[in-house]
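Chemist: Any chance you can model this:
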Amino acid sequence: MIQQQPNFELLESILWEPENGYCLLDRHLERLERSANYFNFPRSLTAASQALQEFNITSGSIEQKIRLTLSYEGKLTLQAQTLDNGILKIGASVGIARKPIDSQIPFLYHKTTYRLPYTMALESQPECQDVLMWNQDGEITESTIANIAIDTPTGLITPHVKCGLLPGTFRAQLLAEGKIREEFITLDDLRNTQTLFLINSVRGWIRLKKEENRDIWKVVDFRF
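Modeler: Next up, the predicted model:
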């Protein structure tokens, strides 16, 4: 059990589609339960699932991002947000964080409202809209808002979860389908990567291309 934890809530961001309802719901609920068990939060998959099914989505004809939070006292909160591309619009810049993160920080492996490691990484590159993070061993982990996949001659690879990153639900689905595979990716590997993808369950695939002679990647398109 972690001592002197900051005040935080568990968090899930779930895509809701008019045709399909909640996307990857089972994976989101399973991750929520794992985090609740780890941090000793009250947990009930049944209660969370029931709350989602009863949640009134007022704009039911368009895609929505559903933000679910669970407090230490067991309070579930749901909020619907209109889906957009957020900070990563076409042409947005993604750089490399200037300092490593410590892969032993438990919050890196759980989706919570505690964002300090991500905030510090992003603030290290103020000219960028997002950054690619790396650990004390020089291994790439994730961006501040998404998992990473890089294009190689043998297929798409994603950093190993042991490097210190959130096990994303879309990442898990792609791994299960054999569309990506886990590998350890170094800073040098990243710097030699021309095409990379940011992936998460709400926005799907975000494709980026590297700028010439710079450790900057630009968003070029989206794939859902």
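
Chemist: from here on, contacts and neighbour counts on C-alpha atoms
Modeler: Noted.

Chemist: So for the residue positioned nearest the centre of the chain, what's the pLDDT?
Modeler: By CA atoms, centre = their mean, the chain has its centre lying nearest to Ala146, at 3.4 Å. The model reports Ala146 with a pLDDT of 98.

Chemist: and for the lowest-mean-pLDDT helix or strand in the chain, what are the contacting residues?
Modeler: Least confident helix or strand, the chain: helix 45-54 with a mean of 90, by mean pLDDT, DSSP states H and E. Helix 45-54 has contacts (CA atoms under 8 Å, 6 or more residues apart in numbering) with Leu29, Glu30, Glu33, Leu76, Leu78.

Chemist: just those now: which is nearest Leu68?
Modeler: Relative to Leu68, the closest of the contacts of helix 45-54 is Leu78; by CA to CA it sits at 4.7 Å.

Chemist: secondary structure element for the closest one?
Modeler: Secondary structure from DSSP states H and E places Leu78 in strand 76-82.

Chemist: follow-up on the earlier one: buried ones only from the contacts of helix 45-54, please, as a PyMOL command.
Modeler: Command for PyMOL that selects the buried part of the contacts of helix 45-54, burial taken from 16 or more other CA atoms under 10 Å:
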select buried, resi 29+33+76+78
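
Chemist: quick one: low-confidence ranges for the chain?
Modeler: 1-6, 58-60, 85, 224 (pLDDT under 70).

Chemist: Tell me which stretches of it form helices.
Modeler: 25-39, 45-54, 116-123, 169-176, 187-191 (DSSP state H).

Chemist: Quick one: closest of those helices to Asn135.
Modeler: Short answer: helix 187-191, nearest of the helices of the chain by CA to CA, at 9.7 Å.

Chemist: Quickly run through the sheet partners of the strand holding Leu78, with directions.
Modeler: Under the criterion DSSP bridges, strand 76-82 sits next to strand 64-70 (antiparallel) in its sheet.
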